[in-house]
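Q: need coordinates for the following:
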Amino acid sequence: MTAALRNSDEYRPVGTYEPITPESAREYLDGIAAFLGGAANVIMQLSHKPVGYGVMESDVDSGKVTLHPIKRLRTTLTYLAVAWLGDENDRKDYREAVNTSHRSIRTKPGSPVKYNAFDPNLQLWVAACLYWGVDDLLLRMRGPMDPEAAEAFYQYSSRLGTTLQMREEMWPVSRDAFYAYWEEHLATREIDAATRQYFNDLADLKMLPLPLQLLLGGLHRFIVTALLPQHLRDQMNMSWSARDERAFTFLLRLISAVWTRMPTTIRLFPFNFYLADMRLRRRLGRPLV
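A: This next block holds a predicted model:
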């Protein structure tokens, strides 16, 4: 069987699960995960050097987290909200808005790597990081998922890439195939001195005012370290002990005990908020990104 056939819809596992819709996807999402896993996920995405240098060398200052952290948080969370919860019109309109901002993002002459924001293979890596991050936090906060439900959510999560230019057939054919892809590509990621400094600044919240850095920086670095795969911890020269893991597990259990029992409207925040914000911006003719 060729790779093209393996990745065609004909060979995607059907199973007995119900396909997920934007409405039923709400059962799988905990908004608190977006706040907990955000910076660690950025490091995963940018550990792929073309993505990392494309972001660091971008001349589009309006989208830089180091200059506009609140706006960057809004646009990132809006993308996740649209990809997971939006309808086809939402996805089409947000794709067009993101494409407009991406057109001028390229690596500079002399950069050690080349980056094009429209490269579907790079978008596959970014989508894979987003899925891996939410799957990891679902496991940590809720425990193992029913295998058929896990497969259904995985298949649905291809929207994390297809909301932009990633083609559906590029998404690994099954959840097992995804984890083979993940381990293979994660092992090749190397963080150099320039990207390590950029990531350390993110972990230490250097983009925020000094009082917030001092108040939240230590906890934020602890959470970032906890949620990075071990390979990237090693690349970042971050230490992590069994005691650290126990402390983080205890922290997540406390959060989960409260958050997962919240009414759906609260549990989904901020995804539902940013989806509503995007729709309001569209109706008022305001920029979406």
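
Q: C-alpha only now, for contacts and for neighbours.
A: OK.

Q: okay, now the unreliable bits of the stretch 151-289 of the chain?
A: The stretch 151-289 of the chain contains no residues with pLDDT under 70.

Q: how about a cut-off of 90?
A: Across the stretch 151-289 of the chain, the ranges flagged by pLDDT under 90 are 260-261, 289.

Q: tell me where it has helices.
A: Secondary structure of the stretch 151-289 of the chain by DSSP state H, counting those that start in this stretch: the helices cover 159-162, 175-186, 193-203, 210-227, 230-235, 242-259, 264-268, 271-284.

Q: kindly reformat those helices as JSON lines containing mean neighbour count.
A: Below are the helices of the stretch 151-289 of the chain laid out as JSON lines (neighbours: other CA atoms under 10 Å):
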{"stretch": "helix 159-162", "mean neighbour count": "23"}
{"stretch": "helix 175-186", "mean neighbour count": "14"}
{"stretch": "helix 193-203", "mean neighbour count": "17"}
{"stretch": "helix 210-227", "mean neighbour count": "16"}
{"stretch": "helix 230-235", "mean neighbour count": "16"}
{"stretch": "helix 242-259", "mean neighbour count": "13"}
{"stretch": "helix 264-268", "mean neighbour count": "18"}
{"stretch": "helix 271-284", "mean neighbour count": "17"}
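
Q: which among those is found nearest to residue 28?
A: Between residue 28 and these, the tightest spacing by CA to CA is seen for helix 264-268, at 9.4 Å.

Q: how about residues contacting that closest one?
A: 26, 29, 30, 31, 32, 259, 260, 261, 272 (CA atoms under 8 Å, 6 or more residues apart in numbering).

Q: can I assume the last one is in contact with residue 83?
A: So the one you mean is residue 272. No - using CA atoms under 8 Å, residue 272 is not in contact with residue 83; the gap is 11.9 Å.

Q: show the pLDDT at residue 33.
A: At residue 33, the predicted lDDT confidence score is 91.

Q: ok, now residue 99?
A: Reported pLDDT for residue 99: 87.

Q: ok, now the one 3 residues further on?
A: Reading off the per-residue confidence, residue 102 sits at a pLDDT of 69.

Q: which non-adjacent residue is nearest residue 48?
A: residue 189 (5.8 Å; CA to CA, 6 or more residues apart in numbering).

Q: contacting residues for the one you found?
A: Counted by CA under 8 Å, 6+ apart, residue 189 has contacts 47, 48, 49, 232.

Q: just those residues: which has the poorest pLDDT?
A: Checking pLDDT across the contacts of residue 189, the minimum falls on residue 49 at 88.

Q: among the helices of the stretch 151-289 of the chain, which comes closest to residue 151?
A: Nearest of the helices of the stretch 151-289 of the chain (CA to CA): helix 175-186, 6.0 Å.

Q: could I get the closest one in CSV with only the CA atoms?
A: Provided in CSV are the C-alpha atoms of helix 175-186 (Å, rounded to 0.1, in the frame of the first residue of the first chain):
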residue,chain,number,x,y,z
ARG,A,175,-3.6,8.3,16.4
ASP,A,176,-1.0,5.6,16.5
ALA,A,177,0.5,6.9,13.2
PHE,A,178,0.5,10.4,14.7
TYR,A,179,2.6,9.3,17.7
ALA,A,180,5.1,7.6,15.3
TYR,A,181,5.3,10.8,13.4
TRP,A,182,5.7,12.8,16.6
GLU,A,183,8.5,10.7,18.1
GLU,A,184,10.4,10.6,14.8
HIS,A,185,10.3,14.4,14.2
LEU,A,186,10.7,15.5,17.8
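
Q: contacts for it, please.
A: 128, 150, 151, 154, 155, 171, 172, 231.

Q: count of neighbours near the closest residue to residue 282 other than its chain neighbours?
A: Spatial nearest neighbour of residue 282, excluding adjacent residues (CA to CA, 6+ apart): residue 288 at 6.8 Å. Neighbour count for residue 288, taken as other CA atoms under 10 Å: 20.
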